[in-house]
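Undergrad: Show me how the following folds:
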Amino acid sequence: MFEKAFKLKEHGTDVKTELMAGLTTFMTMAYILAVNPQILGVTGMPAGGVLIATALSSAIACICMAFMANLPFALAPGMGLNVYFAYTVVLQMGYSWQTALLAVLVEGLIFIVLSLTNVREAIFDAIPLSLKHAVSAGIGLFIAFIGMQNANLVRGGATLVEFARFKDAINTAGVCAILCLVGVIIMAILSHKKIKGAILIGIVGAWILGMLAQAAGLYVPDFEAGFFSLYPSFAIGTHFQEFGDILGQALNFDAIDLKSIGDFIAILFAFLFVDIFDTLGTLIGVATKADMLDEEGRLPGIKGALMADAIGTTAGALLGTSTVTTYVESSAGVAEGGRTGLTALSTGVLFLIAIILSPIFISIPAFATGAALIYVGFLMLTSLLKVDFDNLTEAIPAYIAVIAMPFFYSIAEGISFGIIFYVIINLLSGKENRKKVSPLMAILAILFVLRYIFL
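TA: Below is the predicted model:
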């Protein structure tokens with residue numbers, strides 16, 4: 001059955017590998033089940049209902065990815081977009097959360113139209129291969145940075161980012177940082193020995209060590225500081241009643257307060273821009289590392305992948321959560337050998353199971369998944385070796401894209417700067433170089449420059 005649906009042999013994989021990859025992907029992104037309700041909860045949305053909406057929308061999007069694209073990419077409500085939803089649109093601009101959900105719904109419907117008209121696919125194909133390799137490497141640094149933050153290895157300081165000294169908080173942050181590094185070491189050694197499931201084993205191993213540290217009193221849970229108990233608790237239960245309070249509220253026009261159509265359009269375009277280029281960046285980066293691109297740098301099945309993303313966003317808005325997007329954590333599953341939609345399907349099924357077993361999954365500590373992100377970041381960084389550094393018209397834009405992603409904390413901004421530099425450098429470097437700049441690349445560069453000037 002799986003062979004016929006996902007063409008496993010054709011992609012050089014098997015059921016066991018795909019299921020392991022799906023589980024690995026899920027464990028690296030299960031934190032969204034805990035974080036998304038916390039973030040959207042500040043708007044007045046019931047956190048328990050948001051948890052169910054998060055799981056359901058993620059499951060729907062992953063299952064769509066599996067059957068519409070046969071690609072191993074997982075989706076869930078995106079970090080950054082949920083923060084913009086809660087803190088900017090609702091708390092700062094004063095809109096109701098129902099209005100914010102309407103904006104997400106309209107965004108999803110626009111994406112469905114764009115996916116049918118090949119606009120997003122054309123943007124993907126227009127990006128030069130050197131920038132695609134750079135995007136993969138940049139995402140590697142980006143997710144490694146996220147992993148270090150989650151594990152308390154880095155923090156803000158006089159230099160903006162600095163090393164968090166272990167001795168300053170040995171009972172909490174210091175233990176997390178050390179266990180994260182132990183997890184990376186476990187993954188590296190097992191991968192060197194070519195043991196399947198190295199990343200998953202590393203996550204579970206770090207988690208078990210964390211539970212032992214909590215039992216010994218070295219890890220002290222502190223909810224306000226963000227250090228939660230590492231032991232699953234089923235005392236919380238499920239929240240289907242709260243889910244009913246947010247289900248369909250994007251269409252509750254009595255609660256929607258459009259104070260200014262201009263503001264609403266600005267909100268809509270902010271959601272659109274970040275989601276378009278975060279999703280494209282993730283697809284480019286993960287697919288490049290997994291050698292899924294053809295000789296012309298195109299991704300077979302991208303139309304289905306973009307449609308799955310659009311359907312996920314639309315369904316998510318109706319269910320009661322912020323924009324759904326393709327997750328960079330998908331690279332963890334790809335690193336474990338995931339190559340088909342069976343990986344995405346297994347991740348989606350796990351999100352459904354998480355509705356009932358959420359206490360287990362939200363107990364996966366950030367330092368354990370952080371270790372996976374740091375290790376996978378290394379694997380993705382190696383894509384930079386495929387950039388021709390002797391050709392500066394290719395290398396400099398690639399370099400800018402790579403450093404922009406972690407330093408600006410945005411995949412979308414990294415792509416923007418990479419495209420701007422690529423177009424300007426090549427247009428001003430002679431007749432032969434100008435031929436490399438396609439009309440669509442030039443249009444994108446102009447739009448990005450105008451965005452930075454006026455928005």
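Undergrad: List the buried residues of the strand or helix carrying residue 279.
TA: Assigned by DSSP states H and E, residue 279 belongs to helix 261-289. For helix 261-289, burial by neighbour count (16 or more other Cβ atoms under 10 Å) applies to 264, 267-268, 270-289. Yep, even glycine has a C-beta here, placed from its N, CA and C like the rest.
Undergrad: Kindly report the same for stretch 59-69.
TA: Going by neighbour count (16+ other Cβ under 10 Å), the buried part of stretch 59-69 is 59-66, 68-69.
Undergrad: Looking at the residues you listed, which one is closest to residue 228?
TA: Residue 228 has its nearest neighbour among these in residue 59, at 23.7 Å by Cβ to Cβ.
Undergrad: I'd assumed residue 348 was in contact with that closest one.
TA: Yes. Assessed by Cβ atoms under 8 Å, residue 59 is found in contact with residue 348 at 4.4 Å.
Undergrad: Which residue comes closest to residue 187 once chain neighbours are left out?
TA: Leaving out its chain neighbours, the residue that sits closest to residue 187 by Cβ to Cβ, 6 or more residues apart in numbering is residue 202, at 3.7 Å.
Undergrad: Please report how far the one you found lies from residue 216.
TA: Remark: distance between residue 202 and residue 216 (Cβ to Cβ, to the nearest Å) = 21 Å.
Undergrad: quick one: which of these two has more around it?
TA: Between residue 202 and residue 216, counted using other Cβ atoms under 10 Å, residue 202 has the larger neighbour count: 27 against 9.
Undergrad: Contacts only, for the more buried one.
TA: Contacts for residue 202 were tallied using Cβ atoms under 8 Å, 6 or more residues apart in numbering; they are 183-184, 186-187, 190, 368, 371-372, 375.
Undergrad: how about 10 Å then?
TA: By Cβ atoms under 10 Å, 6 or more residues apart in numbering, the contact set of residue 202 is 24, 180, 182-191, 368-369, 371-372, 375.
Undergrad: for residue 416, same thing?
TA: Applying Cβ under 10 Å, 6+ apart, the residues near residue 416 are 273, 277, 281, 401, 404, 408, 410, 444-445, 447-449, 451-452.
Undergrad: cool, residue 368 as well?
TA: 27-28, 31, 150-151, 176, 179-180, 182-183, 202-210, 230.
Undergrad: Need the three-state assignment for it.
TA: Following DSSP: H, G, I helix; E, B strand; the rest coil, residue 368 is assigned to helix.
Undergrad: returning to that earlier point: farthest-separated two in the contacts of residue 416?
TA: Farthest pair in the contacts of residue 416 (Cβ to Cβ) is 281 and 449. Separation: 18.8 Å.
Undergrad: Residue 36 and residue 76: what is the separation?
TA: Using Cβ to Cβ, residue 36 is found at 8 Å from residue 76.
Undergrad: again, but for residue 195
TA: Residue 195 is 28 Å from residue 76, by Cβ to Cβ.
Undergrad: neighbour count winner among these two?
TA: Taking neighbours as other Cβ under 10 Å, residue 195 and residue 76 compare with residue 76 leading, 30 against 11.
Undergrad: Quick check: closest non-adjacent residue to residue 348.
TA: Counting by Cβ to Cβ, 6+ apart, the nearest residue to residue 348 once its immediate chain neighbours are dropped is residue 62, at 3.1 Å.
Undergrad: quick one: that neighbour and residue 26 touch, right?
TA: Yes. Assessed by Cβ atoms under 10 Å, residue 62 is found in contact with residue 26 at 9.0 Å.
Undergrad: Quickly list what's touching both of the two.
TA: Joint contacts of residue 62 and residue 26 (Cβ under 10 Å, 6+ apart) are 74, 76, 343, 346-351.
Undergrad: Kindly indicate the member of the residues you listed with the most neighbours.
TA: The residue in the shared contacts of residue 62 and residue 26 with the most neighbours, by other Cβ under 10 Å, is residue 347 (37 neighbours).
Undergrad: If you average the pLDDT over the helix or strand harbouring that one, what comes out?
TA: Assigned by DSSP H and E, residue 347 belongs to helix 341-361. Averaged across helix 341-361, the pLDDT comes to 90.
Undergrad: what about residue 14, how many neighbours?
TA: Residues near residue 14, counting by other Cβ under 10 Å, number 15.
Undergrad: and it, what does it touch?
TA: With Cβ under 10 Å, 6+ apart, residue 14 has these contacts: 2-3, 8, 20, 337, 342.
Undergrad: Ramachandran coordinates for it?
TA: Reported as degrees, to the nearest 10, the phi and psi values for residue 14 are phi -140, psi 170.
Undergrad: now the stretch 101-250 of the chain, which segments are flagged as low pLDDT?
TA: 166-171, 234-238 (pLDDT under 70).
Undergrad: which residues of it fall in strands?
TA: Along the stretch 101-250 of the chain, counting by DSSP state E, counting those that start in this stretch, strands occupy 154-155, 162-163.
Undergrad: These: which one's closest to residue 247?
TA: Judging these by Cβ to Cβ, what sits closest to residue 247 is strand 154-155, at 38.7 Å.
Undergrad: ok, residues contacting the closest one?
TA: 145, 147-149, 161-165, 168, 173, 177.
Undergrad: who wins for neighbours among those residues?
TA: residue 147 (26 neighbours).
Undergrad: Tell me the spacing between residue 122 and residue 444.
TA: Distance of residue 122 to residue 444, given as Cβ to Cβ: 10 Å.
Undergrad: ok, residue 30 touching residue 359?
TA: No. If you go by Cβ under 10 Å, residue 30 and residue 359 don't touch, sitting 11.4 Å apart.
Undergrad: who's more crowded, the two?
TA: Using other Cβ under 10 Å as the criterion, residue 30 and residue 359 rank with residue 30 on top: 26 against 17.
Undergrad: Skipping adjacent residues, who's closest to the more buried one in space?
TA: Using Cβ to Cβ, 6+ apart and skipping the chain neighbours, the partner closest in space to residue 30 is residue 361 (4.3 Å).
Undergrad: ok, now residue 140?
TA: Nearest residue to residue 140, sequence neighbours excluded (Cβ to Cβ, 6+ apart): residue 380, at 3.1 Å.
Undergrad: Can you pull the residues that touch both of residue 36 and residue 76?
TA: Any residue near both residue 36 and residue 76 by Cβ under 10 Å, 6+ apart counts here, and that gives 54-55, 57-58, 321.
Undergrad: Adding pLDDT, write those residues out as JSON lines.
TA: Formatted as JSON lines, these follow (pLDDT from 0 to 100):
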{"residue": "54", "pLDDT": "96"}
{"residue": "55", "pLDDT": "96"}
{"residue": "57", "pLDDT": "97"}
{"residue": "58", "pLDDT": "97"}
{"residue": "321", "pLDDT": "97"}
